[in-house]
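In: next one to model:
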Amino acid sequence: MEIPFTKLHGNGNDFVLIDEYNGTVIPDEMKGQFAALYCDRRFGIGADGILFLSKPTKTADIRMRIFQPDESEAEMCGNGIRCLAKYAYDAGYVRETCTVQTETGVLPVTLRYAKEEFFATIGMGEPKFIRNEIPATGNGEYCEKIGEFTVFAANTGVPHAVVLVDVVDGVDIAVAAPPIRHHRTFLHGANVNFVQKTGDDSIRIRTFERGVEDETLSCGTGATASAAIVHHLGYMKGPVKVDTKGGPLTISFGPDGAKMEGPAATVFSGSIPF
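Out: From the prediction side, this is the model:
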């Protein structure tokens, strides 16, 4: 069987999208296996995750599910939503404003093209800092000493650990991140962000992603969590400009919670046997 796919990326955080808007293409029990096979960068297409676009089961315009290279399903993905929204807009499934059902709830999205470049603004909701909402053990807001690092945490759709450092390029992420990602206080594990202040309202981050089990070029929920932590601690008012390895994102805060704005791009389309 030949399966059509589209490859997209948000600031280098890349995804393979499978369109299931008109019916199931990959059975649910095989979606994790499919992700492990085709996320492989040597024997597959290569991606940080597989996006499945379908009709919603709740009140929303479209639904997103994301499966990762380790076969797990992530609750949400900020860069993935931008890529999904771009595909849906180009396919005529949605207009300039839409809603996307994720495993963590329905999120509002505003879309626009500017000089042929696509941008999306995602309503990310209220960042959660209390331990049982991350989820993590203990009471109150999360702040733990793990190894040499002071670690804060927030849930912005998925759990994120945030570490403030002087120079992010001075951190050996392959060594420093796994003990935090797997720390016993994080009940479902956590993504790990190392954050450097670069201006009054700007930061630079590097992110080790749970499920990918490696550093990625960008992470939308990680950018949101990192900006939310520095905002929550009173270091920045916002909007916060977040520089990821793959490009910039803008995180703003208001009565409805955090909003993330950034680009998405289509790379190529094709078909694959499965």
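In: all contacts plus neighbour counts: C-alpha atoms, from now on.
Out: OK.
In: check which element follows the helix or strand hosting Pro4 along the chain.
Out: Using DSSP states H and E, Pro4 maps to strand 2-10. As assigned by DSSP H and E, the chain's next helix or strand after strand 2-10 is strand 13-20.
In: for Glu73, which residues make a bridge with it?
Out: Assessed by DSSP bridges, Glu73 has beta-bridge partners Phe67.
In: that older thread, which strands border the strand holding Pro4, and is each parallel or antiparallel?
Out: Strand 2-10 is paired, per DSSP bridges, with strand 13-20 (antiparallel), strand 257-273 (antiparallel).
In: need the winner for burial among those.
Out: Comparing those by mean neighbour count (mean count of other Cα atoms under 10 Å), strand 13-20 comes out on top with a mean of 23.
In: so for that strand, mean pLDDT?
Out: Strand 13-20 shows a mean pLDDT of 98.
In: quick check: what element follows that strand along the chain?
Out: Taking DSSP H and E, what comes next after strand 13-20 is helix 28-38.
In: who are the packing partners of whichever helix or strand comes after that next one?
Out: Per DSSP H and E, helix 28-38 leads on to strand 49-54 as the next helix or strand towards the C-terminus. Packing partners of strand 49-54 (3 or more Cα pairs under 8 Å, 6 or more residues apart in numbering; DSSP states H and E): strand 13-20, strand 62-67, helix 78-91.
In: so what touches the first one?
Out: By Cα atoms under 8 Å, 6 or more residues apart in numbering, the surrounding residues in contact with strand 13-20 are 4-9, 25, 39, 45, 47-55, 79-80, 83-84, 216-219, 246.
In: of those residues, just the buried ones, ChimeraX syntax please.
Out: Only the buried entries of the contacts of strand 13-20 go into this ChimeraX selection, using 16 or more other Cα atoms under 10 Å:
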select :5,6,7,8,9,39,47,48,49,50,51,52,53,54,55,79,80,83,84,216,217,218,219,246
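In: domain ranges for the chain?
Out: Residue ranges for the domains of the chain, per automatic domain parsing: 2-124+262-273, 131-254.
In: what's the closest of the strands paired with strand 2-10 to Ala227?
Out: strand 257-273 (9.3 Å; Cα to Cα).
In: model confidence over the closest one, on average?
Out: Averaged over strand 257-273, pLDDT sits at 96.
In: now the angle from that strand to helix 78-91?
Out: 70 degrees (axes from the mean of the first three to the mean of the last three Cα atoms, to 10 degrees).
In: chain neighbours aside, what residue packs nearest to the residue most central in space within the chain?
Out: By Cα atoms, centre = their mean, the chain has its centre lying nearest to Cys77, at 3.2 Å. Leaving aside its sequence neighbours, Cys77 sits nearest to Thr221 (Cα to Cα, 6 or more residues apart in numbering; 6.3 Å).
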